[in-house]
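Asks: Fold the following, please.
(chains A and B)
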Amino acid sequence: MYGWIWRHLPGNVWVKALISIVLTLAVVYALFQYVFPWAEPLLPFNDVTVNDQ
Amino acid sequence: MSVRVIVRTVSELCITVGTLIVLFVVYVLFWTGVKADRAMDRQVEVLQDRWAKQPVRHTSAPGASTAAPEPPAPYEDVKPFALMYIPRLGFTWNKPVLEGTKTNTLKKGLGHYANTAQLGQKGNFAVAGHRRTYGDPLKDFPQLRPGDAVVLTDGANWFTYVIDKGPYRTLPTDVQVIDPVPRKSGYTRAGRYLTLTTCDPEWGHSHRLIVWGHLESIQPVEAGKPEALRR
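Replies: Numbering: from 1, shown residues only, chains lettered A, B, ... in the order given. I've put the predicted structure just below:
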């Protein structure tokens, strides 16, 4: 999977490395901004009240 | 497809899932705290801005009294209306109290149960807060003891509650703990009470921890900080 991505990135090794870093940061940002805030309430840490579960 | 391709794909998948889990743990343990601290600071600023615009009152007799002030206007949902201080949790420990106990409200501070009494009024002023994640506001909840002060201010008055019972462990379905006169608290007559709730165990949700207190004194902010907050 990662090898396939690496082969399909344009440019020489340095350009590929730079694009990889940017891609990684973009994925981490998307995770922290959208995916984790959605997934976190599914964990039990939010249940601190007595009426609503 | 060769064995090599299969092994490589499975390995890459495992590494990806592992990285995801580590990132998620970082998010829950660290990043929610950063976000919550920022959100709480903003709520405190909202409160201070609002209080700064209030007209100055003339005080006739400064000092503590137990005469309740006029009931305030109904609290607006998800809006902050008070600041809570609990010296036992740290001398600088103070958190905004917002109206409502929805998940998104509790990310910005402590949440006041919408159907319970208002601050300083007759009945039970019940507040919930995170024990872990989102800034860990009530992390040291089990250290609370009878006699500890819980001080709140709504910008006009200081309300000093004193804890009488707790921490008491109960089930999430035990909604009687926030009744106007909570049965298991030992209170028998109607009064001005305080209930704090959080989760138990620390990282779980199988139980709740409760403390109960009663209103000890009310003093206007012009009279200065209450005794419990002085050092």
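
Asks: Tell me where the longest helix sits in chain A.
Replies: helix A:13-30 (DSSP state H).

Asks: wait, is B:Leu196 part of a strand?
Replies: Yes: counting by DSSP: H, G, I helix; E, B strand; the rest coil, B:Leu196 is found in a strand.

Asks: gap between B:Val181 and chain A?
Replies: As judged by Cβ to the nearest Cβ, to the nearest Å, B:Val181 and chain A stand 16 Å apart. In this view, the C-beta of every residue, glycine as well, is placed from N, C-alpha and C.

Asks: Within its local environment, how many residues does that residue see?
Replies: B:Val181 has 14 neighbouring residues, counting by other Cβ atoms under 10 Å in any protein chain shown.

Asks: What residues does chain B have near chain A?
Replies: B:8-9, B:12-13, B:16, B:20, B:23-24, B:27-28, B:31-32, B:101, B:103, B:106, B:111, B:113, B:128-134, B:138, B:170, B:172-175, B:177-178, B:197-199, B:203-205, B:208, B:210 (Cβ under 8 Å from any Cβ of the partner chain).

Asks: Mark which of those are part of strands, please.
Replies: Judged by DSSP state E, strands contain the following of the residues of chain B next to chain A: B:111, B:128, B:170, B:197-199, B:208, B:210.

Asks: Just the buried residues from those residues, in PyMOL please.
Replies: The following PyMOL line selects those of those that are buried, judged by 16 or more other Cβ atoms under 10 Å in any protein chain shown:
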select buried, chain B and resi 111+128+170+197+198+199+208+210
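
Asks: buried subset of the residues of chain B next to chain A?
Replies: In the residues of chain B next to chain A, the ones that pass as buried (16+ other Cβ under 10 Å) are B:23-24, B:27-28, B:31-32, B:101, B:106, B:111, B:113, B:128-134, B:138, B:170, B:172, B:174, B:177-178, B:197-199, B:205, B:208, B:210.

Asks: JSON lines please, covering the ones in strands among the residues of chain B next to chain A and showing pLDDT.
Replies: Output for those, formatted as JSON lines (pLDDT from 0 to 100):
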{"residue": "B:Gly111", "pLDDT": "94"}
{"residue": "B:Ala128", "pLDDT": "94"}
{"residue": "B:Thr170", "pLDDT": "92"}
{"residue": "B:Thr197", "pLDDT": "94"}
{"residue": "B:Thr198", "pLDDT": "93"}
{"residue": "B:Cys199", "pLDDT": "90"}
{"residue": "B:Arg208", "pLDDT": "92"}
{"residue": "B:Ile210", "pLDDT": "94"}
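
Asks: For the chain, give me the ranges with low pLDDT.
Replies: No chain in the question, so chain A it is. A:52-53 (pLDDT under 70).

Asks: sorry, should have said chain B
Replies: B:57-69.

Asks: contacts for stretch B:79-97?
Replies: Outside stretch B:79-97, the residues that touch it by Cβ atoms under 8 Å, 6 or more residues apart in numbering or on different chains are B:40, B:43-44, B:46-47, B:72, B:75, B:98-99, B:108-112, B:119, B:127, B:129, B:137-138, B:140, B:143-145, B:148-155, B:228-229, B:231.

Asks: continuing past the longest helix of chain A, what's the next helix or strand?
Replies: As assigned by DSSP states H and E, the chain's next helix or strand after helix A:13-30 is helix A:36-39.

Asks: anything in that next one sitting right up against chain B?
Replies: Yes: counting by Cβ under 8 Å from any Cβ, chain B is contacted by helix A:36-39 at A:36, A:39.
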